[in-house]
Structures are given as structure tokens and as C-alpha cells.
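*Asks:* here is my input, please return the structure:
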Amino acid sequence: MDVPFRFIPCMVAGLAYYLSMKLPNAIERMQVLKAQYDEAWDLASSEDRDRSAVRFVPRQMFVG
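*Replies:* Sure thing, here's the model as predicted:
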């Protein structure tokens, strides 16, 4: 799978959470796994931003 490296821990945490949903006796672990998944998702998605400076300059022929 072609996935950015920063999303791999998020995918693993999500898979663990979804697999725990299938087990009937893993209800107490589901809250912990869900919290780990949410934390990994927030970390991975916050890194997926462009932090470069942008400057827009209009052309002089259109400004009257």
C-alpha cells in the first residue's frame, strides 16, 4: 500500500481498535485503543499541512 510513513502508526492503532470491536470480552480495552487511535490520527493529520509562506501579488495591468 502506498501510504505516507506518518500514517502507519495511525493505521496500526485503527486496526487494533477495529479488531477489538469484534471481540466480546475486549470492551474495557476499547476505550484505551480508541484513545490511542484518536491521538495517532491527530498527530498524523496535523503534520499533513503546508507550512510555507504564500504571497499573492496582482498584475499591474488589471489594477486600475
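*Asks:* quick one, helices of this structure?
*Replies:* Counting by DSSP state H, the chain forms helices over residues 8-20, 27-46, given from the N-terminal end onward.
*Asks:* would a markdown table of these with mean pLDDT and distance to P58 be doable?
*Replies:* Bear in mind the C-beta positions are built from the backbone N, C-alpha and C, glycine included. What follows is the helices of the chain, written out as a markdown table (pLDDT from 0 to 100; distance: least, CB to CB, whole Å):
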| stretch | mean pLDDT | distance to P58 |
| --- | --- | --- |
| helix 8-20 | 93 | 41 |
| helix 27-46 | 92 | 32 |
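*Asks:* D42: how many residues sit nearby?
*Replies:* Using other CB atoms under 10 Å as the criterion, D42 is surrounded by 11 other residues.
*Asks:* and E47, by the same measure?
*Replies:* Using other CB under 10 Å, E47 is surrounded by 11 other residues.
*Asks:* list the contacts of it.
*Replies:* R6 (CB atoms under 8 Å, 6 or more residues apart in numbering).
*Asks:* was I right about Q36 contacting A13?
*Replies:* Yes - Q36 lies in contact with A13 (CB atoms under 8 Å); the separation is 4.9 Å.
*Asks:* ok, those two, which is more surrounded?
*Replies:* Summary of the neighbour comparison: Q36 and A13, criterion other CB under 10 Å, with A13 having more neighbours (20 against 17).
*Asks:* which residues sit in contact with the more buried one?
*Replies:* With contacts defined as CB under 8 Å, 6+ apart, A13 is in contact with L33, Q36, Y37, E39, A40, W41.
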